[in-house]
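Engineer: missing the sequence, but the structure's below:
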Ligand code: UDP
């Protein structure tokens, strides 16, 4: 631990370094249908995180030998822009990006009715434009909204959040300063909110059993808050599209 870390009081009188309560999310803004070329898309801001997600498909899987005659394949591409982090990131996808792409794609597969689209791929692109911890969960939340925007049939929207422990306290949605705290624990979690099925769960650090139970409960509640914001954004986009359609009809 260096001197600077020692000086930070991560939780003081129930307030965190950025003034949030223990179980408070950073501000989240979601815009649907922002990329015309894509079949579905979403722009999401989550605190300082800025993320663009675009979905293409289901479309024929090529080359043909990758096709699965029983279901669609999900190709999830998580990328961090070189300018999204303080030290320039190599544009080449690293191990971290490959791992996040794999686990996030698997999480989405749990939500999509893949068997409806044999021999196809659903390509999901998630570009992190600005970052401050929690980008994999924010990316997954954005990707799920983009899938819904593309009209891909799903059991539910995947909702995701980070939860963890800093300075002995279980907290929701850690920012970068908190993630870098000594002995911090970070747990990205994603669920299908209606059934509470967990579709992504990772953990960096150690927790006692009672802390884990508290963290899981806080994580699920956090996911449900994100879920409400995702649904509100989708509803808003579709009501606006309906209105535009009506105006066009009337002008004919
Ligand atoms: N980060 C960075 N350089 C990198 C990877 C990550 O500066 O090459 C930062 C970035 O702000 C990211 C944070 O570290 O959001 C936490 O990264 P982590 O691997 O825990 O993933 P995340 O919390 O973003 O899902």
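Structural biologist: Right, received. Where do you want to start? Since we're looking at a predicted model, the values are computed, not measured.

Engineer: what comes up buried for stretch 188-202?
Structural biologist: 188, 189, 190, 191, 192, 193, 198, 199, 200 (16 or more other Cβ atoms under 10 Å). Every residue, glycine included, has its C-beta placed from N, CA and C.

Engineer: go back to the residues you listed and keep what's next to the ligand.
Structural biologist: residue 188 (Cβ under 6 Å from any ligand atom).

Engineer: among the buried residues of stretch 188-202, name the ones in strands.
Structural biologist: 188, 189, 190, 191, 192, 198, 199, 200 (DSSP state E).

Engineer: please identify which helix or strand holds residue 207.
Structural biologist: For residue 207, there is no helix or strand it lies in under DSSP states H and E.

Engineer: what's the neighbour count on residue 44?
Structural biologist: By other Cβ atoms under 10 Å, 27 other residues sit near residue 44.

Engineer: show me the shaky parts of this protein.
Structural biologist: 1-6 (pLDDT under 70).

Engineer: residues of it that sit close to the ligand?
Structural biologist: Counting by Cβ under 6 Å from any ligand atom, the chain sits next to the ligand at 85-86, 89, 96, 131-136, 176, 179, 186, 188.

Engineer: which parts of the chain are strands?
Structural biologist: 11-12, 15-16, 28-32, 40-46, 49-60, 73-80, 120-130, 159-166, 169-172, 185-192, 197-201.

Engineer: is it true that residue 90 touches residue 82?
Structural biologist: Yes: using Cβ atoms under 8 Å, residue 90 is in contact with residue 82, at 7.3 Å.

Engineer: these two: who's more crowded?
Structural biologist: Using other Cβ under 10 Å, the more surrounded residue of residue 90 and residue 82 is residue 82, with 12 against 9.

Engineer: got the contact list for that one?
Structural biologist: 88, 89, 90, 91 (Cβ atoms under 8 Å, 6 or more residues apart in numbering).

Engineer: any idea how far residue 102 is from residue 91?
Structural biologist: In this view, residue 102 and residue 91 are 20 Å apart by Cβ to Cβ, to the nearest Å.

Engineer: higher neighbour count, the two?
Structural biologist: Using other Cβ under 10 Å as the criterion, residue 102 and residue 91 rank with residue 102 on top: 12 against 9.

Engineer: surely residue 215 touches residue 187?
Structural biologist: Yes: using Cβ under 8 Å, residue 215 is in contact with residue 187, at 5.9 Å.

Engineer: any shared contact partners between those two?
Structural biologist: Common neighbours of residue 215 and residue 187, counting by Cβ under 8 Å, 6+ apart, are 163, 164.

Engineer: wait, isn't residue 144 in contact with residue 108?
Structural biologist: Yes: in this structure, residue 144 is within contact of residue 108 by Cβ under 8 Å, at 6.7 Å.

Engineer: tell me where the longest helix sits in the protein.
Structural biologist: When the chain is scanned for its longest helix (criterion: DSSP state H), the result is helix 209-251.

Engineer: counting contacts, what elements does it pack onto?
Structural biologist: strand 28-32, helix 135-149, strand 159-166, strand 169-172, strand 185-192 (3 or more Cβ pairs under 8 Å, 6 or more residues apart in numbering; DSSP states H and E).

Engineer: okay, now the sheet partners of the first one, with direction.
Structural biologist: Okay, so that is strand 28-32. strand 40-46 (antiparallel) (DSSP bridges).
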